[in-house]
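Student: Here's my sequence, what's the structure:
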Amino acid sequence: MRVQANSIRGFVDDDHAVTSIEYALIAMLIALVIIVSVKAVGETLSNIFDKVASSF
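Tutor: Here you go, the predicted model:
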């Protein structure tokens, strides 16, 4: 019984998994910001090139 209690206590006190999840969420948020930014810049450049092409 004592071994099981120590095992559970060790599992509860372990912070490595929580830290990994936090870093994964931060990385996901950064990736999302990059994707949205690239999409917005791409659409803007497409509109600019369309205007330039139609002016000739």
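
Student: How much space separates residue 19 from residue 25?
Tutor: Residue 19 is 11 Å from residue 25, where distance means CB to CB, to the nearest Å. Yep, even glycine has a C-beta here, placed from its N, CA and C like the rest.

Student: what's the answer for residue 51, then?
Tutor: Distance of residue 51 to residue 25, computed by CB to CB: 40 Å.

Student: any idea how far the helix or strand containing residue 53 is from the chain center?
Tutor: Here residue 53 sits within helix 16-54, counting by DSSP states H and E. Relative to the centre of its chain, helix 16-54 is centred 10 Å away, using CA atoms, centre = their mean, to the nearest Å.

Student: okay, and for this structure, where does confidence drop off?
Tutor: In the predicted model of the chain, residues 1, 11-14 satisfy pLDDT under 70.

Student: Neighbours of residue 32, how many?
Tutor: Other residues near residue 32 come to 10 when the count uses other CB atoms under 10 Å.

Student: what does the one 5 residues further on give?
Tutor: Look at residue 37: counted by other CB under 10 Å, it has 10 neighbours.

Student: Against residue 15, how distant is it?
Tutor: Separation of residue 37 from residue 15 (CB to CB) stands at 32 Å.

Student: and what of residue 56?
Tutor: 62 Å.

Student: neighbour-wise, which of those two wins?
Tutor: Between residue 56 and residue 15, counted using other CB under 10 Å, residue 15 has the larger neighbour count: 9 against 4.
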